[in-house]
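this is the structure alone, sequence omitted:
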């Protein structure tokens, strides 16, 4: 009898087998359809940018953990890979590679590790880097390659066309002939960032995440639903000035943001109620920035602003306490 | 069935069943050489011993008397000579006072009916029932060991509407209640009718999880002509065997939070199936609670078994009867894997609250490395009481006890769903238990001043 080797510990004595790695690599798998769509639409450069972003994120995390913080290295737990992929998905495919590396360093170094690493960062690291790059390199960050085009040909994004056209006083209906059809928008034939163009591919990833129980429907549904409802109200009130709601949810970063960025565990609320409020407010801010702000697209800013409110939401959105 | 089976709506998990001993019949365990019987096997005041070293006792004889309303008698489970009073390690790992009895033969106290005949006619009055139940030393056999006679009387100002019978057995591995429902169904149902009579109501529901279809079918068949008792199949969902979850699942009412809230506050009385069987034996056969069904199981156990064993039998003897301690056993758990306690030795006697022991191989015994919380919120989503385990752990760590009290740390039932699901392997419940104890002390100190 191996009496001396008995383990004494408090309950439970059995576990689900969930782990950070399983969840994170689940997200990586869910991102692959969108990556494939990005490569299909923008070519090999989309893959190259994604690889550079992932490698710079993972390398940056490795170096900081090993040499700066001197803590156990967990750079391959999957979270840095996700940050790299999401950063790349938020970049145009013709961006110079050194800017991508800068983005990776900002994402991991400033966005994540400076707060203590995984679990402690208040803001989504990939979005911190994207906004940093957008402000630092506005020209490179807003020149979008034309889909299925040879190198060097650029085109405006649908939201860019909308913003400029409406700003110049053109009717929305008159701008529509310049735009891709809804089916093209759904499949991803438009100018934009690498990972955001194909709503179809992103939705496949969403279904996978729901099936694997990595995320719940609350944040994506609340956010996309709010964008749809809010732009729908504006469109019904004045179709001359405002685009229709289907156009709004299929363009820009709404799908990518709702499914993969706003649902980031670390920077989103803990309760279902909180998640719905968070999703709704991101939707409202997105539409406000798109239609009344200076930028044609507002998903990144909306999510970052709401990240700041997450502790407050957690403080006030409690689950239903049993028996009360 | 087209209707969705019932369960409780908030939180919960589905651990793997692993009911290895489900098809094993109940076997009579051999008598121990020495029985160690604890003086306190119930919640409430410990019983006062009425025998001395050297006394001859018979099986079923009272050896310690109830010390108040919330207390019960303790009986000798064997016949023989009282050796001494000593302290013996119990399932909590602490040494507790016990009576050690050297077993000689198997002589029972007169008046105890041990024949297999089933007596279904109930002649005792409600008062007689409560008295018999208290004298038989019956406590909640689901594990909480609350004296049952207290539950059979409705306190002033409260009304009972439903008697809810817990046949859920939601812990993985354990099968003692399952076997009892299959093999002692008629007796158990008579116990339910006795309890109904004592409480003075006529509606009982037996909740059984769907992973025991044979028990559901058997009891439904036995109760098809009895409008008083309804068998309700429940979805397999842990911790449905918890009182609060069972009441919610069966009658959709929420018991107010502890320490004050009880099932009777929402018109319910909850009894475990094994308790009902014990009530039957006490009232119909005058037999006190001196034996119970104990599951001995584990993946490496040669013959996972269900034993009918005398209280005070050492676990080592039951493990031996199940094929011996498997090579490479790394953990011995008394109770189920979700809420059971790990033991340092098999030299622990079974008590009224012992439903089973599970032996885990070394590979499944160690905890995994804890990493940083990633704030995924899974612990919040699985908590059946609507608490936020991640937050309570932090508050307990930082000794922010008043804040922890506001966050309802005292509502925690320690079901361990949060630890089960946590992807970072965080020991949430260890910290919550500590915080809960501190908060309860704080509340008691406040009450005094």
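Looks like it arrived, so ask away. Predicted model, so just to flag it, every value in this text is computed and none were measured.

in stretch A:172-190, what counts as buried?
A:172, A:175, A:176, A:179, A:180, A:185, A:186, A:187, A:188, A:189, A:190 (16 or more other Cβ atoms under 10 Å in any protein chain shown). No exception for glycine: its C-beta is placed from N, CA and C like everyone else's.

quick one: which of those is nearest residue B:405?
Using Cβ to Cβ, residue A:186 comes nearest to residue B:405 of the buried residues of stretch A:172-190, at 51.9 Å.

host element of that closest one?
helix A:182-187 (DSSP states H and E).

can you list the low-confidence ranges for the chain?
Just going to use chain A. A:1-4, A:150-152 (pLDDT under 70).

not quite, go with chain B.
Across chain B, the ranges flagged by pLDDT under 70 are B:1-3.

is chain A contacted by the longest helix along it?
Looking across chain B with DSSP state H, the single longest helix is helix B:428-448. Yes: judged by Cβ under 8 Å from any Cβ of the partner chain, helix B:428-448 and chain A are in contact via B:429, B:430, B:433.

could you chop the chain up by domain?
No chain in the question, so chain A it is. For chain A, the structural domains run A:20-141, A:158-316, going by automatic domain parsing.

switch to chain B, please.
Looking at automatic domain parsing, the domains of chain B come to B:31-103, B:126-285, B:293-364, B:378-448.

tell me the centre residue of chain A?
residue A:261 (3.1 Å; Cα atoms, centre = their mean).

my read: that one touches residue A:127, true?
Yes: using Cβ atoms under 8 Å, residue A:261 is in contact with residue A:127, at 6.2 Å.

mutual contacts of those two, please.
A:86, A:300, A:303 (Cβ atoms under 8 Å, 6 or more residues apart in numbering or on different chains).

now, the residues you listed that are in strands?
Among the shared contacts of residue A:261 and residue A:127, no member falls in strands (DSSP state E).

and these, which is closest to residue A:212?
For the shared contacts of residue A:261 and residue A:127, the nearest to residue A:212 is residue A:86 (17.9 Å; Cβ to Cβ).

just give the nearest non-adjacent residue to that closest one, would you?
residue A:126 (3.8 Å; Cβ to Cβ, 6 or more residues apart in numbering or on different chains).

residues contacting the one you found?
With Cβ under 8 Å, 6+ apart, residue A:126 has these contacts: A:82, A:83, A:84, A:86, A:87, A:90, A:107, A:111, A:261.

next one: residue B:36
B:86, B:88, B:98, B:99, B:100, B:101, B:312, B:314, B:349.

inside strands: which ones of the residues you listed?
B:86, B:88, B:98, B:99, B:100, B:101.

buried ones among these?
Counted by 16+ other Cβ under 10 Å, the ones in strands among the contacts of residue B:36 give B:88, B:98, B:99, B:100, B:101 as buried.

who touches the second one in this structure?
Spelled out, that is residue B:98. B:36, B:37, B:38, B:39, B:85, B:86, B:87, B:88, B:349.

in the stretch 51-200 of chain A, what residue comes closest to chain B?
Residue nearest to chain B within the stretch 51-200 of chain A (Cβ to the nearest Cβ): residue A:119, separated by 4.2 Å.

name the nearest residue to that residue, ignoring sequence neighbours.
Per Cβ to Cβ, 6+ apart, closest to residue A:119 is residue B:372, 4.2 Å.

surely the one you found meets residue A:117?
Yes: using Cβ under 8 Å, residue B:372 makes contact with residue A:117 at a distance of 6.8 Å.

more neighbours, the two?
residue A:117 (19 against 16; other Cβ atoms under 10 Å in any protein chain shown).

mind listing what the more buried one touches?
Contacts of residue A:117 (Cβ under 8 Å, 6+ apart): A:61, A:65, A:69, A:71, B:372.

wait, the second one touches residue A:79, no?
No: Residue A:65 is beyond contact range of residue A:79, at 12.0 Å (criterion: Cβ under 8 Å).

between these two, which one's more packed in?
Between residue A:65 and residue A:79, counted using other Cβ under 10 Å, residue A:79 has the larger neighbour count: 29 against 19.

just say helix, strand or coil for residue B:232.
strand (DSSP: H, G, I helix; E, B strand; the rest coil).

look up how far residue B:358 lies from it.
27 Å (Cβ to Cβ, to the nearest Å).

who has more neighbours out of those two?
residue B:358 (28 against 18).

could you pull out the strands in chain A for me?
Going by DSSP E, chain A shows no strands.

residues from the stretch 51-200 of chain A in reach of chain B?
A:74, A:79, A:117, A:118, A:119, A:120.

from these, pick the one nearest residue B:419.
residue A:119 (17.2 Å).

wait, the closest one touches residue A:125, no?
No: Residue A:119 is beyond contact range of residue A:125, at 12.0 Å (criterion: Cβ under 8 Å).

between these two, point out the one with more neighbours.
Remark: of residue A:119 and residue A:125, residue A:125 carries more neighbours, 32 against 18, as counted by other Cβ under 10 Å.

give the contact list for the closest residue to residue B:370 other than its chain neighbours.
Closest residue to residue B:370 apart from its sequence neighbours, by Cβ to Cβ, 6+ apart: residue B:425 at 5.1 Å. Each residue near residue B:425 by Cβ under 8 Å, 6+ apart is listed here: A:15, A:19, B:367, B:368, B:369, B:370, B:371.

my guess is residue B:309 is in a strand, correct?
Yes: counting by three-state DSSP, residue B:309 is part of a strand.

thinking it is in contact with residue B:294, fair?
Yes: counting by Cβ under 8 Å, residue B:309 does reach residue B:294; the two are 5.2 Å apart.
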